[in-house]
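Enquirer: one predicted model, sequence on top.
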Amino acid sequence: MTRPMKETVKQLISDALDRARAKGDLNLAETPDIIIEEPKDETLGDFATTLAMQLARSEKKNPKVIAEVICGFLKDGNDAIDSAQVAGPGFINIKMSADFFRKRLREVVEQGRDFGRSDVGQNKKVLVEFVSANPTGPLHVGHGRGAAVGHALSCLLNMAGYDVSTEYYINDVGNQMNMLGRSTWLRYKELAGHKVTFPDDGYKGDYIRDIAQQVIDKDGTRHLDKPDEDALTFFRQFSKDSILEGIRNDLKEFRVEFDRWFSEASLDEDDSVNRAINWLRDKGFVYEKDGATWVKISESQDAADRVIIKQGGERTYFCSDIAYHKNKVDRGYDLILDLWGADHHGYVPRMQSVLKAMGYGEEVFKILLVQFVALKRGGKKVSMSTRSGEFETLSDVVAEVGVDATRFFFLMRSADSHLDFDLDLAKKESPENPVYYIQYAHARICSVFRTAEKQKVPFPELDTTDLSQLKEAEEFALIKKILAYRECIEKSALTLEVHRIAFYLHELVAIFHSYYKQHRIVTEDRERTLARLLLLDCLRNVIASGLSILGVSVPEKM
RNA sequence: GCGCCCAUAGCUCAGCUGGAUAGAGUGGCGGUUUGCGGAACCGUAGGUCGGAGGUUCGAAUCCUCUUGGGCGCGCCA
């Protein structure tokens, strides 16, 4: 695994600073943090640093003067750097040599499909919990966004050198399960010809009737003869299993799988809940008041203490959640990530407070909020209420738009910003659709290779390919962008922002399309053809790698 | 009432955690093909970064205030 490109540049500058200090041209009481960025205008150079401006105060010199000094030492006996120039108020623009890029490309070829893989994760154990929708109904598009983001994030972290596990937490305990069972039981009676009064807070969706029908198809009406208690137990279990099955299928269809499905009920079975409460009690976080049991967190981030055991002895949802997270902590993760729907943001401080008590501060326990999705059709927003709108479920949207487009649309925006999902646009198999733009590039490259094969051009091998055949400005632009992939992975992983990958791919592919239009790959010039093919093979690997992280398919033909 | 998120081109959004003349896509307008995939490429128009102060060499980015929108504040889950 090689170092990211900017690290190399940083080292070159650092060396230059050392030489400047040794010669007494700069004081440098402290070694500054060197930040490498890209110049606004590409023609200015490949990299830039504002170092001189940052040093101006401590050196008590004009930034321009400092920049000149650094430039002098930078160019000193160095074949990686072509030029280093001062611009504006004290920017240092650095142009790397053609050989520098060719050497780097060579390394990319050697790494093959592993290029981009990083070790910033230091093999840390990380748990990503996402979706975790209650098993009381089918997944809607909001869950779909969470699924896409969570899954892509785990792939990304894996790529960045983390040891990743994924988990879906099933809230299969409590009132909502009772209500679910009751709702199905009532629909069942209804289907059997009985008159029932359906409660206002029951689950009214059509899927409940479907489940009831399943029971009739399977067992007929024999459950009518059971005592209510027994019937409810049956319907509760059956409904939950049926809905969970549906959720699993929807997710599988959406190419999202989990390492573990964690049942809330299991926390009871192994006494985790009591142990978690006792643990908190030992730490002095628990007290009794008004016949209920409270957890004391008002002094940390949350505004008020919260009830964990109600007057009636029943536990709150929060209580189970504490136990669940205690369980996560006990499993020894270095990093715990929760992806929640944005509507739960009010719940964030109390969970953070508890985790903090368990020794997991904000650096190791992170809650990522995934904002809502607004579906649009014909320029108008589709209502997302449970009763209206045919396209509110994930599976309906996937059926209409396709997995690739759906996933890409969920991932092309930062997760914490509201998303307008334009169904008409996502459905188009045409230029306006950004998914195809990237996939098309991959298919196009594959097509070029097919052409090369037809013309008996051998697959380019590193030993037999002369990379100095790559001379065009567009080729260097492409190489530069390919080389930036590794940094993109690291940056995205560290900031937990998957949408950067989508943007990167779009930019990468744009350079390719432009290059392709201007320069022919397969020509009579065999040497040059091989060099260009090798470049395209690297590009193809990066596109495939990036799309795989996003969970978007990588077509060889379209 | 208190708290969180958002506001950038007609529309949808980026903006690398304070840097150079604020960028893409889409839509508008005008172009590009006897050659590897035109699902592509090139050009052009489009902006008081919601508003007002402040911090400094420098602010879309940080602080305060303000306006408009989304959401949350249960012994619900």
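Expert: The structure has been received and is ready for your questions.
Enquirer: ok, the residue nearest in space to the middle of chain A - contacts?
Expert: Nearest residue to the geometric centre of chain A (Cα atoms, centre = their mean): residue A:153, 2.7 Å. Counting by Cβ atoms under 8 Å, 6 or more residues apart in numbering, residue A:153 touches A:128, A:130, A:337, A:339, A:368, A:496, A:498. Backbone N, C-alpha and C define where each C-beta goes, glycine included.
Enquirer: let's go with 7 Å and repeat that
Expert: A:128, A:496, A:498 (Cβ atoms under 7 Å, 6 or more residues apart in numbering).
Enquirer: also residue A:74?
Expert: A:12, A:13, A:16, A:81, A:84.
Enquirer: wait, the third one sits on residue A:72?
Expert: No: the pair formed by residue A:16 and residue A:72 falls short of the contact definition of Cβ atoms under 7 Å, at 8.4 Å.
Enquirer: for those two, work out which one has more neighbours and name it.
Expert: residue A:16 (24 against 15; other Cβ atoms under 10 Å).
Enquirer: tell me which element residue A:65 falls in.
Expert: helix A:63-75 (DSSP states H and E).
Enquirer: buried residues, that helix. List them.
Expert: Residues A:63, A:64, A:66, A:67, A:68, A:69, A:70, A:71, A:73, A:74 are the ones in helix A:63-75 that count as buried (16 or more other Cβ atoms under 10 Å).
Enquirer: correct me, but the fourth one touches residue A:89?
Expert: No: Residue A:67 lies out of contact with residue A:89 (Cβ under 7 Å); the separation is 9.1 Å.
Enquirer: and the closest residue to RNA strand B within chain A, how many neighbours does it have?
Expert: The nearest approach of chain A to RNA strand B comes at residue A:346, 1.9 Å away (Cβ to the nearest atom of the strand). Neighbourhood size, residue A:346 [other Cβ under 10 Å]: 9.
Enquirer: that one: what secondary structure?
Expert: helix (DSSP: H, G, I helix; E, B strand; the rest coil).
Enquirer: that one and residue A:476, how far apart?
Expert: 51 Å (Cβ to Cβ, to the nearest Å).
Enquirer: do residue A:161 as well
Expert: 29 Å.
Enquirer: just give me how far stretch A:218-232 sits from the chain centre.
Expert: How far stretch A:218-232 lies from its chain's middle: 45 Å, per Cα atoms, centre = their mean, to the nearest Å.
Enquirer: who's in contact with that stretch?
Expert: With Cβ under 7 Å, 6+ apart as the criterion, stretch A:218-232 contacts A:181, A:182, A:185, A:188, A:189, A:192, A:215, A:234.
Enquirer: not counting residues beside it along the chain, what's closest to residue A:130?
Expert: residue A:150 (2.8 Å; Cβ to Cβ, 6 or more residues apart in numbering).
Enquirer: that older thread, got a list of what the residue of chain A closest to RNA strand B touches?
Expert: By Cβ under 7 Å, 6+ apart, residue A:346 has no neighbours at all.
Enquirer: secondary structure element holding the closest residue to residue A:552 other than its chain neighbours?
Expert: Nearest residue to residue A:552, sequence neighbours excluded (Cβ to Cβ, 6+ apart): residue A:404, at 4.9 Å. In this structure, residue A:404 sits in helix A:403-411 according to DSSP H and E.
Enquirer: sheet-wise, list the partners of the helix or strand just after that helix with their directions.
Expert: Next helix or strand after helix A:403-411 toward the C-terminus (DSSP H and E): strand A:419-422. Strand A:419-422 pairs in its sheet with strand A:373-377 (parallel), by DSSP bridges.
Enquirer: need the residues that contact the partner strand.
Expert: Against strand A:373-377 from outside (Cβ under 7 Å, 6+ apart): A:141-142, A:145, A:381-382, A:384, A:391, A:418-424.
Enquirer: which of those has the weakest pLDDT?
Expert: Lowest pLDDT within the contacts of strand A:373-377 is found at residue A:391 (49).
Enquirer: got a list of what residue A:455 touches?
Expert: Counted by Cβ under 7 Å, 6+ apart, residue A:455 has contacts residue A:522.
Enquirer: now it. Its backbone dihedrals?
Expert: phi -90, psi 20 (degrees, to the nearest 10).
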